[in-house]
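**Q** I'll drop the sequence and a predicted model, then ask my questions.
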Amino acid sequence: MSDASASHCLHKLRFFQTPEHECSYLPDREASTVFVDPSAVLSNKIYSQLALVGFRRSGCYLYMPRCHDCSACMPIRLPVHDFQPSRCQRRIWKKNQDLTIHIKDDLFCDEHYRLYERYLQYRHPGGGMDNTTPDKYRGFLRCSWMDTRFIEFRLKRKLLCIAVTDFLIDGLSAVYTCYEPGYEKRSLGTFAIMWQVEAAKRFNMPWLYLGYWIEASTKMNYKTRFKPYEVFRNGCWQRYG
């Protein structure tokens, strides 16, 4: 699909909005989401253009938070060619140089799923996410029209971490990262983002998209430790750090 065709398709897309529901991140707040018509014919190029205005992928759905009287969820991305690692991040990078990295196509792999399952049970016990199944795993991470890769980080033969990554037209998008419980000292989540930054540089892509950032959410503080970063607010990307 050409850029002109993708732009034409964008104008024809229909968008819907969910009813208000309990916010997953901020207590005592109601949330709502705008999403692209699930019956629309989508593509990598269409998603790449929507990512420029803050949309995100979950499975085959494209969505963006749009809540009444709240704009706490802000899209965040890293301009990879300007990235300046902190001293701590440089130590994490050096600590993980004994890992081997493999880029795998988006095919179901039982080894990947079992790691994902252990990670959810460790990080989100009793929260609902830990009650996963292979179908839920596929529905969350995989998409027939998207160029998605599963980045493996291995210590010798042992799989320690997977970074699910979308390859957009102008950047990479970090979909989800999970790692083996018991290896927290390696800071594998941070290392995975740094590897994605370097991968975007190698592919001559300017951006690494990190999803949404909420300033008041401690779970999301790690995203602004990568500097500089940009957040999408008031209709444009603004740089910080």
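**A** Good, I have the coordinates. Numbers count the residues shown, from 1 in each chain.

**Q** now the strands for the protein?
**A** Ranges of strands in the chain, per DSSP state E, are 15-17, 21-22, 30-31, 33-36, 56-58, 61-65, 74-79, 100-105, 148-155, 158-167, 171-179, 207-213, 229-233, 236-240.

**Q** would you reformat these as a markdown table and include distance to residue 43 and mean neighbour count?
**A** Bear in mind the C-beta positions are built from the backbone N, C-alpha and C, glycine included. Output for the strands of the chain, formatted as a markdown table (distance: least, CB to CB, whole Å; neighbours: other CB atoms under 10 Å):
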| stretch | distance to residue 43 | mean neighbour count |
| --- | --- | --- |
| strand 15-17 | 17 | 12 |
| strand 21-22 | 29 | 10 |
| strand 30-31 | 28 | 16 |
| strand 33-36 | 12 | 18 |
| strand 56-58 | 12 | 21 |
| strand 61-65 | 11 | 20 |
| strand 74-79 | 20 | 22 |
| strand 100-105 | 18 | 12 |
| strand 148-155 | 13 | 19 |
| strand 158-167 | 12 | 21 |
| strand 171-179 | 15 | 22 |
| strand 207-213 | 17 | 22 |
| strand 229-233 | 22 | 18 |
| strand 236-240 | 23 | 12 |
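
**Q** domain assignment for this structure?
**A** 3-72, 77-240 (automatic domain parsing).

**Q** so residue 54 sits right up against residue 75, yeah?
**A** Yes: counting by CB atoms under 8 Å, residue 54 touches residue 75, with 3.8 Å between them.

**Q** how near is residue 46 to residue 97?
**A** Using CB to CB, to the nearest Å, residue 46 is found at 38 Å from residue 97.

**Q** meant to ask about residue 13, not that
**A** 44 Å.

**Q** who has more neighbours out of those two?
**A** A direct count of neighbours by other CB atoms under 10 Å for residue 13 and residue 97 places residue 13 higher, at 14 against 7.
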